[in-house]
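J.: Make a model of this:
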Amino acid sequence: MRWMRQRSAGTLGSHRISSALPQEKLEVVFVDMVNTLDSGNFRAMISSEKPVLVDFWAAWCGPCKMIAPVVEEIAQMYQGKLDVGKLNVDENGAIAAEYGVMSIPTLLVFKGGKEVARSVGYKSKDELAALVNSHL
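T.: Predicted coordinates:
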């Protein structure tokens with residue numbers, strides 16, 4: 001992402017630039033609400049008192065890339081009520097195999113360390129919200 005600041009009004013080619021951005025400094029803060037999981041923190045995460053949504057994904061997976069922003073939106077919508085994590089199946093194949101993850105993206109909902117729901121493939125925000133709501 002590229003940010004550009006206009007210094008002052010002027011011309012650009014044959015186009016007149018008539019406004020400028022404020023000169024005070026702007027700070028952009030991105031908060032990642034989705035935890036990156038691996039063999040070192042997976043068990044602790046799914047044992048949370050809150051329900052936990054885990055996205056099993058891989059970097060080469062197109063549908064995984066499509067659902068990632070949806071998972072982030074769910075994490076923001078349910079902040080404080082739901083923990084959300086993502087687990088790369090290429091780096092953590094043993095965990096994926098343990099839970100029978102054969103296709104990705106697979107999203108599992110855990111409650112008290114036990115799997116209570118499963119969704120395979122791309123889902124809309126409304127579909128994921130419905131899955132989560134039934135376990136809150």
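J.: Going by C-alpha atoms from here, please, whenever you check contacts or count neighbours.
T.: Will do.
J.: The closest residue to R118 other than its chain neighbours: which element?
T.: For R118, ignoring the flanking residues on the chain, the nearest one in space by C-alpha to C-alpha, 6 or more residues apart in numbering is L108 at 4.6 Å. With elements taken from DSSP states H and E, the one containing L108 is strand 106-111.
J.: helix or strand right after that strand?
T.: strand 114-120.
J.: Any idea how far that following strand is from the middle of the chain?
T.: Offset of strand 114-120 from its chain centre (C-alpha atoms, centre = their mean, to the nearest Å): 17 Å.
J.: and that strand, which strands flank it?
T.: strand 106-111 (antiparallel) (DSSP bridges).
J.: got the contact list for K114?
T.: 46-47 (C-alpha atoms under 8 Å, 6 or more residues apart in numbering).
J.: Then A129?
T.: A129 sits next to I74 when contact means C-alpha under 8 Å, 6+ apart.
J.: let's see it at 10 Å
T.: Residues near A129 by C-alpha atoms under 10 Å, 6 or more residues apart in numbering: 70-71, 73-74, 77-78, 123.
J.: Could you work out the most separated pair of those residues?
T.: Using C-alpha to C-alpha, the two most remote members of these are Y78 and K123, lying 16.8 Å apart.
J.: still on that earlier bit, count of residues packed around the residue nearest to R118?
T.: 22 (other C-alpha atoms under 10 Å).
J.: do the same with L53
T.: For L53, the neighbour count with other C-alpha under 10 Å is 28.
J.: Any chance of the backbone angles for it?
T.: phi -100, psi 120 (degrees, to the nearest 10).
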